[in-house]
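*Asks:* Fold the following.
(chains A, B, C and D)
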2 protein chains.
Amino acid sequence: MPRVGEGTIVSGSCLADVLGERVELTPAEKSALERLEERQRHIRRGAILLRENESGGELFVLRKGLMMSYVLLDDGSRQILRFLFPGDMLGISSMIYRESPETLCALSDCVVCPFDHAAFSELLTEHPRLAALILVFSQIERVALTDRLAALGRTSAKARVAALLLDLRNRLRGTDKSIDKAFALGLTQEEIGDATGLTAVHVNRMLRQLEEEGLIGRGSGRVTLIDERALARAANYVDRYEGLDLSWLPKAR
Amino acid sequence: MPRVGEGTIVSGSCLADVLGERVELTPAEKSALERLEERQRHIRRGAILLRENESGGELFVLRKGLMMSYVLLDDGSRQILRFLFPGDMLGISSMIYRESPETLCALSDCVVCPFDHAAFSELLTEHPRLAALILVFSQIERVALTDRLAALGRTSAKARVAALLLDLRNRLRGTDKSIDKAFALGLTQEEIGDATGLTAVHVNRMLRQLEEEGLIGRGSGRVTLIDERALARAANYVDRYEGLDLSWLPKAR
DNA sequence: CGCAAATTTGAACGTAGTCAACAAGTGTGG
DNA sequence: CCACACTTGTTGACTACGTTCAAATTTGCG
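*Replies:* Model (predicted):
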């Protein structure tokens, strides 16, 4: 994909790529999705796209980079809710609430495509099958959240860290097929802690322990999943982007 | 509402009641929702409507009673994901996955209305505004889950128990306006623990502590929220059924 | 190269878990 | 109507996982 500048229009749609992996999209559907990604905005690492309790006039499709959503509690601690990858739709919840329930923040330099509420609303009415697919992805996200809920409620620190590593790798592979066992995780241990409900100090100990047990390797900011089977076992991990049944989807328009 | 027997057809729709609180439904929309609740099934306390990893051929609307969804981890522990109240739609996730990611279980004697995938799919295509509303409720549920994720990841045992009590009361009040400060919680301390990621023993201590501090009262299976303000403060609680903006919804058909 | 951020490690502490015993309900069948 | 069994709730003593605090070390960036 060519490198593009602020505001440049490029063909293609990350969202269409993601949805297109699940169903064969019609030309009308593709062009409707492309329209959502007509505009683009480049944002820097650390930039906040939308702040908790502020109102968000726009939705976004993440086209490039890694982002996260989080909430701050009033003791100042942070809970990272979700990592966001290219093709993910951002800010649906900011649309249904007057004040956003979460902050959207870039973990690397990113490219996002903003579109407004009306465009989203129109998409839902004009393309019932896409509406259903958006509901499907909303449910996948919901189930992924319940997995994490169970992890925080009922599993050990080591299991949570292992689950995060597996999930991150799998989701990164979604957009970069060259990733296999090793990858740059692009998160600080502080961030891993805020995602898993642990302190940075304890995350460090758990990573070390996973390394000593031969489950992972580490070096120069990269992690290698050495014994994936054992990791998945330690983590109770299920890939929620597999095992889908979309046979019930309505006809495309 | 008259007491009805197995298979009896009654007018009205719990789902329409819930959605109707947010928008003015058209007659066509109402009748489409009523069609989902044509059949009813009575289930006993403790009955399992759908088991994790089994395939669910149907969706349901909960019409009466209290249910929960949970997952079991392979060490045998349980994480309760969500409590389900009248008007809630159950089993959407069992529709998009070949195997259900969660178990649905009745906490009291319940009445549910089963409908099939085709009926749901048809609803989405025939009524774009209802499709959007279902997406809205899916997002509310998602945000409620992120609140709980933050609670499990970053708050104390006492805060989690307080949050559960507040949430339960608020949701019960959704269907029974007579409930104010006192209510029968209908959960064992074991269940409260499985929802909050604690042990039953520790839940007991936290309830006692909340009682000793004068935040709640307890007696004969009922809980009274004495100092609601202090409870909400202790719990970081936000009611996610408030503060909605649905002005962007598409036109009704 | 120099500084700030991130990682690493150790020691002490505390929240919540575990185990165990008992009490109080709850429902069932005699 | 009571006796019995079983579930649920209550309490105490002990344990352990993860946190906190502090300091040293490494990394990465301007």
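
*Asks:* can you count the residues close to the residue lying closest to residue A:16 once chain neighbours are set aside?
*Replies:* Spatially, and ignoring its direct neighbours in sequence, residue A:16 is nearest to residue A:33 (4.2 Å; C-beta to C-beta, 6 or more residues apart in numbering or on different chains). Backbone N, C-alpha and C define where each C-beta goes, glycine included. Here the count is done by other C-beta atoms under 10 Å in any protein chain shown, and residue A:33 has 23 residues near it.

*Asks:* helix or strand for residue A:33, which one?
*Replies:* When secondary structure is defined by DSSP states H and E, residue A:33 falls within helix A:27-36.

*Asks:* Same check on residue A:149?
*Replies:* Element membership of residue A:149 [criterion: DSSP H and E] is helix A:128-154.

*Asks:* now check that helix, is it near chain B?
*Replies:* Yes: where contact is defined by C-beta under 8 Å from any C-beta of the partner chain, part of helix A:128-154 touches chain B, namely A:128-129, A:131-132, A:134-136, A:138-143, A:145-150, A:152-154.

*Asks:* Compute the inter-axis angle for the helix holding residue A:33 and helix A:128-154.
*Replies:* Taking axes from the mean of the first three to the mean of the last three C-alpha atoms, to 10 degrees, one finds that helix A:27-36 is oriented at 60 degrees with respect to helix A:128-154.

*Asks:* And the next helix or strand past helix A:27-36?
*Replies:* Along the chain past helix A:27-36, the next helix or strand (assigned with DSSP H and E) turns out to be strand A:41-43.

*Asks:* can you count the residues close to residue A:54?
*Replies:* 12.

*Asks:* Not including adjacent chain positions, what is the nearest residue to residue A:175?
*Replies:* If the residues on either side of it in the chain are set aside, residue A:175 comes closest to residue A:86, at 4.7 Å by C-beta to C-beta, 6+ apart.

*Asks:* Now do the contacts for that neighbour.
*Replies:* Listed by C-beta atoms under 8 Å, 6 or more residues apart in numbering or on different chains, the contact set of residue A:86 reads A:14, A:62-65, A:175.

*Asks:* Ramachandran angles for it?
*Replies:* Reported as degrees, to the nearest 10, the phi and psi values for residue A:86 are phi -50, psi 130.

*Asks:* Likewise for the one 4 residues further on?
*Replies:* For residue A:90, the backbone dihedrals are phi -110, psi 140 (criterion: degrees, to the nearest 10).

*Asks:* nearest spatial neighbour of it, skipping sequence neighbours?
*Replies:* When the adjacent residues along the chain are set aside, residue A:90 lies closest to residue A:60, with 4.2 Å between them (C-beta to C-beta, 6+ apart).

*Asks:* And residue A:46, by the same measure?
*Replies:* residue A:106 (6.5 Å).

*Asks:* just curious, which of the contacts of residue A:86 is nearest to DNA strand D?
*Replies:* DNA strand D has its nearest neighbour among those in residue A:65, at 14.5 Å by C-beta to the nearest atom of the strand.
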